[in-house]
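> Fold the stuff below for me.
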Amino acid sequence: MEQQQPAAFTSYQKFIIFMLALTQFTVILDFMVMSPLGDMLMKSLDLKPANFGIAVSAYAFSAGLSGLLTAGFADKFDRKKLLLFFYIGFIIGTIFCGLAQSYVALVAARIITGLFGGVIGSISLAIMADLFALQQRGRVMGFIQIGFGASQVLGVPISLYLANAWGWEAPFWLVAVVSIAIAILIAFQMKPVVAHLSAQTDRSAGKHLLHIIAKGNYRVGFALTALLSIGGFMMMPFGSAFAVANLGISSEQLPILFMASGICSLVIMPLVGRLSDKIDKFKIFAVASIWMMVMCVVYTNLGPTALPVVIFCNILMMMGILSRTIPASALTSAIPDLSDRGAFMSINSSLQQIAGGIAAAVSGLIVTQPSKGAPLQHYNVVGYVIVVISIISILLMLRVSNMTKKKIAASNKTLPDEPVVLEAI
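You can find the predicted model right below:
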């Protein structure tokens, strides 16, 4: 079978990619900014690592709960309306974060933000799967995930600057203002996304949820997502604290470190997206995972290190982490049927958030700090745990890849006039 060229995007599809990338930028920045603010928060609020781990995981656990509650009716409404509803709730929660004046108030605000923000990613993925063919999704994910890199290149450094100038609350106000502008864009420029409604049955929300959970191939995808999330989140909560306390990076140098990693993300994401639409997605995932495992072990065992070396190692590690995200998301999006897509994505997002919360909490139990400002201890154990989880993830991803190929091959037999690019899977 000859490999076909990936289909080009229409002008409206380009707008959707841009809009989804903007929503990802704000949601990811809202979550990621907690990590670079970690050293500042731990010092200003006199928090222990375990307490900060709870502050980070509060968002993830509430987001996970929201995903489960949403799954039953996620396919019953226009996806545009769902996106707008939850995005407005996310904005309100972020404003509450900016108003928080105590640790308890901050945790409560993070819970509210997670209840709404945690569902946005799953709705965005459902919209992507509805509006783009599988042969386009690698590139779409590559561009949407630019929001991740942009949050590091622009969002995190600007947030840290604002935090140093006006306090740790300032970054949340930044996210809120930008998000309001994006919400207006969604409301007035995005068309309804309702094709899935014609495929719906009269099942109740509860029965629809049980129907999704009962499918074995769906459960494989859920397990893979949970493991990927645990592996991806374990290092994040204490990244800035480790850089300052163990690697000898100053608070003023942190924006440089995050900006360098973000620039790397902006370059890597589109390239990996294009590659994953042209060659085997599993192979890209496996190579990236092995690369990530090696760099995680190296990075977590570093002592006091010059800034250029820290930046170099961080970039190499981020290359592995980001390069496995795109093929994993693209393959996972091919698992559910059209009628189940919204519910599958909601549960998938829920498990991702819950697993991330567990990872942050467990990381907080593993990592210790004898006294304020002292080097973190046992951070390298986190790196070793990630290696074990990543090996299991590779095996599960192989199973998902095989399932997806069989599903598309069967669809190709049923619909012979619709070409399928198996090489791109």
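> after the helix or strand containing residue 347 comes which helix or strand?
Assigned by DSSP states H and E, residue 347 belongs to helix 341-366. Reading on from helix 341-366 to the C-terminus, the next helix or strand found by DSSP H and E is helix 379-414.
> That next one versus helix 341-366: what angle between them?
Using axes from the mean of the first three to the mean of the last three Cα atoms, to 10 degrees, one finds that helix 379-414 and helix 341-366 are set 170 degrees apart in direction.
> which other helices and strands contact helix 379-414?
Contacts defined by 3 or more Cβ pairs under 8 Å, 6 or more residues apart in numbering; DSSP states H and E place helix 379-414 against helix 216-233, helix 281-300, helix 307-333, helix 341-366. In short, each C-beta sits where N, CA and C put it, glycine included.
> Using TSV, lay out these together with distance to residue 240, mean pLDDT and mean neighbour count.
Converted to TSV, the helices and strands packed on helix 379-414 look like this (distance: least, Cβ to Cβ, whole Å; pLDDT from 0 to 100; neighbours: other Cβ atoms under 10 Å):
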stretch	distance to residue 240	mean pLDDT	mean neighbour count
helix 216-233	15	82	21
helix 281-300	14	90	20
helix 307-333	12	84	21
helix 341-366	13	77	25
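> Which of these sits closest to residue 113?
Distance to residue 113, taken as Cβ to Cβ, is lowest for helix 341-366 among the helices and strands packed on helix 379-414, at 11.7 Å.
> The closest one vs helix 307-333, what angle?
Calculated by the same axes, to 10 degrees, helix 341-366 forms an angle of 150 degrees with helix 307-333.
> same for helix 341-366, what does it pack against?
If contacts are counted by 3+ Cβ pairs under 8 Å, 6+ apart, helix 341-366 sits against helix 49-71, helix 103-131, helix 205-214, helix 216-233, helix 379-414.
> between those helices, which one is nearest to residue 27?
Among the helices and strands packed on helix 341-366, helix 103-131 sits nearest to residue 27 (Cβ to Cβ), with 5.2 Å.
> helices or strands next to the closest one in the packing?
Against helix 103-131 (3+ Cβ pairs under 8 Å, 6+ apart) you get helix 11-32, helix 49-71, helix 79-99, helix 134-144, helix 307-333, helix 341-366.
> Now the first one: buried residues?
Applying a neighbour-count criterion of 16 or more other Cβ atoms under 10 Å, one finds 13, 16-17, 19-32 buried in helix 11-32.
> coming back round to it: could you check the angle the helix holding residue 347 makes with helix 216-233?
Computed by the same axes, to 10 degrees, the angle separating helix 341-366 from helix 216-233 equals 40 degrees.
> Okay, now the unreliable bits of the stretch 101-250 of the chain?
For the stretch 101-250 of the chain, residues meeting the criterion pLDDT under 70 lie at 134, 142, 145-156, 196, 198-206, 208-209.
> ok so, going back, of the helices and strands packed on helix 103-131, which approaches residue 194 most closely?
Taking Cβ to Cβ, helix 79-99 is the member of the helices and strands packed on helix 103-131 nearest to residue 194, at 7.7 Å.
> Which other helices and strands does the closest one contact?
Here helix 79-99 touches helix 11-32, helix 103-131, helix 170-189, going by 3+ Cβ pairs under 8 Å, 6+ apart.
> got the buried residues for the longest one?
By neighbour count, with 16+ other Cβ under 10 Å as the criterion, the buried positions of helix 103-131 are 103, 106-131.
> again, but for the shortest one
Using 16+ other Cβ under 10 Å as the test for burial, helix 170-189 gives 170-176, 178-179, 182-183, 186.
> where's the nearest residue to residue 66 once chain neighbours are set aside relative to residue 8, distance?
Spatially, and ignoring its direct neighbours in sequence, residue 66 is nearest to residue 115 (4.5 Å; Cβ to Cβ, 6 or more residues apart in numbering). Taking Cβ to Cβ, to the nearest Å as the measure, residue 115 falls 38 Å from residue 8.
> Residue 322 now?
According to Cβ to Cβ, residue 322 and residue 8 sit 25 Å apart.
> what does residue 66 give?
36 Å.
> Looking at the two, which is more packed in?
The residue with more neighbours, out of residue 66 and residue 8, is residue 66; 25 against 8, by other Cβ atoms under 10 Å.
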